[in-house]
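1. Predicted model and sequence follow; I will ask about them next.
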Amino acid sequence: MGECQQPGCSSGGPQNAGQDSDENVKKALARIKHKFLVMSGKGGVGKTSVSVNMAMALAEKGFTVGIMDVDVHGPDVPRMLGLTGVKAGSAGEKLEPLHYSDKLSAISIDGILPDNDTAVIWRGPLKHAAITQFITEVNWGDLDYLIIDSPPGTGDEPMSVAQTVTDAHAIVVTTPQEVALSDVRKSINFCKKLNLDIFGIVENMSGYACPHCGKTIELFGSGGGEKTAKQFGLRFLGRIPFDPNMVKAGDSGNAFQLAYKDSPVTKALHDIADIMANA
C-alpha cells in the first residue's frame, strides 16, 4: 500500500499512531466507566440508528455519553446527530469531539475528511491505528458511557475494538427475519472467540403499527431476536418497533425522541437504556 493520502494520516498511518502506547490507551479508557460495542451481523438492520438513539436515551437520563463511530467507510453518526466538522487542537493538543449537548458528544472519521464524498481506502493496520487515536487523542474527558458504533460484520473494526477496549460489552442488533438472525449467530461466535462479553441482543424493526387501523404488521416477522438470545443463553434487551419517522429523523439530523416522546420506539429505547444503567 502506498503513502496514505487521507487527512490525519502519514506514510505509516494516522499521525503519531506508532507512538500510541498501551499505557496511553489504559489511561484514556480508565476515565470511561462503561464501554459498549454495538455491532450487527449484516447491514440494513438499523444498528447505527440504535446506537445513536440509545446514546440519546442515556444522555436524557443525565449520564455523560460519547459515541465513537469506527465505521471508517460509511460513518453515519454525525449525520444522524446533525453534526459537522471536528474541532482540532493545536500541536500537541487533543481533538475536541463534536458536542450534541452538554451530555452527549461524538467523533467520526467523517469529521476530518475534506468532504462527505471522500472515500477512505484503508486496510486493517490503518483502521486499527485510527481507532486507537479515537481513544487516546480525543478529549473525551470523564464519561459514564462510550457507545462504539462499528460497521456490520466481523471485520477489522470490531476486531480492533475487541482487542483494544478489552472491557467492552457487545450489544448485537438484528431484525427478526432469518437471514439477519443467521448473521447474528456469526457475530455471537465472533464475540466468543475473542472473549468479548455480550451484553445482549436488540431486535430492531420489530413490528409496525398501522397509522390507520392501529393493527401491528409484522414487516420482518417477530420474535427471532428473543429466540436467538434464549438459544445462546443471552440477555434479550427488547424489541424496537419500526417507525418511518425514525428514518426521517435520522436523515435530517433531528432527535426522534424529542419529537415523539410518547412513541413506542422512544419507550423501547429508554427501557434498553434503563437495563444498561442498572446492569
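-> It's in.

2. So what's the residue count around Arg185?
-> When neighbours are defined as other Cβ atoms under 10 Å, Arg185 has 15 of them. Every C-beta, even on glycine, is put in place using the N, C-alpha and C of the backbone.

3. Apologies, that question was intended for Asp102.
-> Asp102, neighbours per other Cβ under 10 Å, totals 8.

4. Quick check: it vs Val65, distance?
-> Separation of Asp102 from Val65 (Cβ to Cβ, to the nearest Å) stands at 11 Å.

5. Ok, Ile201 next?
-> From Ile201 to Val65 the distance is 21 Å (Cβ to Cβ).

6. Could you do Ser40 as well?
-> Ser40 is 20 Å from Val65, by Cβ to Cβ.

7. When the two are compared, which one has more neighbours?
-> For Ser40 versus Val65, neighbours defined as other Cβ under 10 Å are more numerous around Ser40 (28 against 25).

8. what residues are up against the residue lying closest to the more buried one once chain neighbours are set aside?
-> Of all residues not flanking Ser40 in the chain, Lys47 sits nearest, at 4.2 Å (Cβ to Cβ, 6 or more residues apart in numbering). Applying Cβ atoms under 8 Å, 6 or more residues apart in numbering to Lys47 gives the contacts 38-40, 149, 152, 173, 204.

9. same deal with Lys27?
-> Thr136.

10. helix/strand/coil for it?
-> Following DSSP: H, G, I helix; E, B strand; the rest coil, we place Lys27 in the helix state.

11. what's the answer for Ala170, then?
-> Per three-state DSSP, Ala170 ends up strand.

12. partner residues bridging it?
-> Beta bridges link Ala170 to Leu37, Ile198, judged by DSSP bridges.

13. tally of neighbours for it?
-> Other residues close to Ala170 by other Cβ under 10 Å number 25.

14. so it makes contact with Cys191?
-> Yes. The criterion here is Cβ atoms under 8 Å, and Ala170 meets it with Cys191 at 5.1 Å.

15. shared neighbours, the two?
-> Joint contacts of Ala170 and Cys191 (Cβ under 8 Å, 6+ apart) are 197-198.

16. Pull the contacting residues for Val38.
-> By Cβ under 8 Å, 6+ apart, Val38 lies in contact with 47-48, 50-51, 54, 147-150, 170-171, 173.
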